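>>> A structural model of the following input is requested.
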Amino acid sequence: MHIAIAGNIGSGKTTLTELLSKHYKWEAHFEDVDDNPYLNDFYREMQRWSFNLQIYFLNSRFNQILDIRNEKKSVIQDRTIYEDAYIFAPNLHAMGLMTTRDFENYFSLFNLMDKFIQAPDLLIYLRASVPTLVHQIQSRGREYEEAIRLDYLKRLNERYEAWISTYDKGKLLIINVDDNNFRDNQEDLGKIMNKIDAELHGLF
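Numbering: from 1, shown residues only. Just a heads-up that it's a prediction; the model follows:
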């Protein structure tokens with residue numbers, strides 16, 4: 001079984017991945033952040049490094065999906081390949097931070113990869129307002145994230161909502177992070193688990 005968690009920067013994907021992995025004994029696959037050779041450069045000079053960063057993520061995520069399908073065990077994944085293609089890359093293009101030539105090249109590569117992958121059995125989308133995202137980004141204190149601007153987070157949120165509104169590749173569960181403090185509240189985490197059980201096992 002393949003479960004994936006989607007959501008904006010700071011929405012709590014990694015934390016929820018860890019918590020659900022521990023509870024369900026699912027193997028966790030995390031986003032390659034610490035070893036990403038482009039992230040620091042990207043946040044300092046987005047226009048120069050946007051294409052390189054997105055290609056790196058696309059390659060990393062594609063390999064991750066192939067590994068997940070080959071492992072024959074239940075896996076929970078922190079962020080999906082679709083978010084790179086439908087949210088981050090188009091946003092960079094719209095902001096003038098990725099050229100049309102690079103974006104078309106990128107999307108052509110994604111479309112090719114998309115033919116070889118399967119969507120998650122369940123997609124969990126963490127919906128969060130910009131103030132919540134900012135609070136959670138600040139609380140984790142990653143140096144390279146200090147330069148993230150509010151309008152950047154807002155644009156990403158708008159694209160997430162547009163993508164989720166048309167998502168039809170499989171089961172979808174939406175969690176409103178503004179109203180659910182799963183990080184610190186066991187009861188809130190339990191509510192999410194109940195919803196997951198209902199989606200996966202049909203316990204309505």
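
>>> Please make it C-alpha for all contacts and neighbour counts, starting now.
OK.

>>> pLDDT value on the spatially most central residue of the chain, please?
Nearest to the mean C-alpha position of the chain, counting by CA atoms, centre = their mean, stands Arg79 at 2.8 Å. pLDDT, Arg79: 92.

>>> Then Leu16?
96.

>>> As a check, name the ranges of all strands in the chain.
Under the criterion DSSP state E, the chain contains strands at 2-7, 27-29, 75-78, 122-127, 171-176.

>>> What helices and strands are in contact with the longest helix anywhere in the chain?
Counting by DSSP state H, the longest helix found in the chain is helix 46-71. Secondary-structure packing of helix 46-71 (3 or more CA pairs under 8 Å, 6 or more residues apart in numbering; DSSP states H and E): helix 39-44, helix 81-83, helix 100-114.

>>> which of those helices sits most buried?
Across the helices and strands packed on helix 46-71, averaging neighbours per residue (mean count of other CA atoms under 10 Å) puts helix 81-83 on top, at a mean of 19.

>>> List the buried residues of stretch 136-146.
Within stretch 136-146, the residues scored as buried using 16 or more other CA atoms under 10 Å are Ile137, Glu145.

>>> Touching that stretch from outside, list them.
Identification of contacts with stretch 136-146 by CA atoms under 8 Å, 6 or more residues apart in numbering yields Ile9, Gly10, Ser11, Gly12, Leu39, Asn40, Tyr43.

>>> What separation do you get for the closest residue to the residue nearest to the centre of the chain other than its chain neighbours and Trp26?
Among residues not flanking Arg79 along the chain, Ala6 sits closest, at 4.9 Å (CA to CA, 6 or more residues apart in numbering). Distance, Ala6 to Trp26, using CA to CA, to the nearest Å: 17 Å.

>>> Nice, that's everything, thank you.
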